[in-house]
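S.K.: model this:
(2 chains)
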Amino acid sequence: AQSVAQPEDQVNVAEGNPLTVKCTYSVSGNPYLFWYVQYPNRGLQFLLKYITGDNLVKGSYGFEAEFNKSQTSFHLKKPSALVSDSALYFCAVRDRGSSASKIIFGSGTRLSIRP
Amino acid sequence: GAVVSQHPSWVICKSGTSVKIECRSLDFQATTMFWYRQFPKQSLMLMATSNEGSKATYEQGVEKDKFLINHASLTLSTLTVTSAHPEDSSFYICSATVARTYEQYFGPGTRLTVT
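M.R.: Model (predicted):
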């Protein structure tokens, strides 16, 4: 069965510093991997995805993530954090079976950027 | 493109009544729609998967008679919470996907409060 782990409930970073939000996954075969962001009382906003190709994926708002097959990780990164990046971040995995395959979400990591 | 809407965005109802939540794909035809619920400060939990014109597939532990899902067309799925109780209060999010693609598009969510 596929699963996603986000080991950190909360990540605190000073504005201007680089940030990393960790994600590891477990799935048979090659997965589709996603990062989403959620602001209070809002739905999910898509940040980026890994499907195939280059292991470094660039997404919205300056975020990027690196697919590491050997470590089964897909950590989210940003070189310079903004206060407005403070939100709840979800890593998600989906197998390549079909479009009806369900997405499994990690438990979420709350990112807090202090001025 | 690929916009998913939900209606209503929030609803308050009395215990014992039923509430219907609509999920619409505005500019594409969704072959599959998913319903999630999210408790405060928790991740999204998949409730069910619905394909147009067929019965929904419910996840383990989700009562299909309590959470009625109808996917009558390629652009509309509804979730009806029957005989709602305060413990059904939650944030409900739908998503939609297109055949032979890997991405899900999420609605903005519906906050249900049962008093």
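S.K.: SS state for residue 84?
M.R.: This is for chain A. When the structure is reduced to helix, strand and coil (DSSP: H, G, I helix; E, B strand; the rest coil), A:Ser84 reads as helix.
S.K.: wrong one, I was asking about chain B
M.R.: coil.
S.K.: tally of neighbours for the closest residue to it other than its chain neighbours?
M.R.: On the basis of Cβ to Cβ, 6 or more residues apart in numbering or on different chains, the spatially nearest residue to B:Ala84 that is not a chain neighbour turns out to be B:Val114, at 4.5 Å. Yep, even glycine has a C-beta here, placed from its N, CA and C like the rest. When counting by other Cβ atoms under 10 Å in any protein chain shown, one arrives at 20 neighbours for B:Val114.
S.K.: And A:Phe63, by the same measure?
M.R.: When neighbours are counted by other Cβ under 10 Å, A:Phe63 registers 20.
S.K.: is it true that the residue nearest to B:Ala84 touches B:Thr82?
M.R.: No - with the criterion set as Cβ atoms under 8 Å, B:Val114 and B:Thr82 do not qualify as a contacting pair; they are 11.7 Å apart.
S.K.: Would you tell me whether the helix or strand bottoming out on mean pLDDT in chain B gets close to chain A?
M.R.: The weakest-scoring helix or strand in chain B, judged by mean pLDDT, DSSP states H and E, is strand B:104-106 (a mean of 87). Yes - contact between strand B:104-106 and chain A, assessed by Cβ under 8 Å from any Cβ of the partner chain, occurs at B:104-106.
S.K.: residues from chain B in reach of chain A?
M.R.: Applying Cβ under 8 Å from any Cβ, one finds that chain B approaches chain A through B:6, B:31-32, B:34, B:41-44, B:46, B:49, B:51, B:91, B:93, B:95, B:97-109, B:111.
S.K.: all strands for chain A, in order.
M.R.: Chain-ordered strands for chain A, with DSSP state E as the definition, fall at A:3-5, A:10-14, A:19-21, A:24-26, A:32-38, A:44-50, A:56-58, A:64-68, A:73-78, A:87-94, A:104-105, A:109-114.
S.K.: rewinding a little: and after the least confident helix or strand of chain B, which helix or strand comes next?
M.R.: Downstream of strand B:104-106, the next assigned helix or strand under DSSP states H and E is strand B:110-114.
S.K.: in its sheet, what does that following strand sit against?
M.R.: In the sheet, strand B:110-114 lines up against strand B:10-13 (parallel), strand B:90-97 (antiparallel) (DSSP bridges).
S.K.: Confidence-wise, which of those is weakest overall?
M.R.: Within the strands paired with strand B:110-114, the stretch with the lowest mean pLDDT is strand B:90-97, showing a mean of 93.
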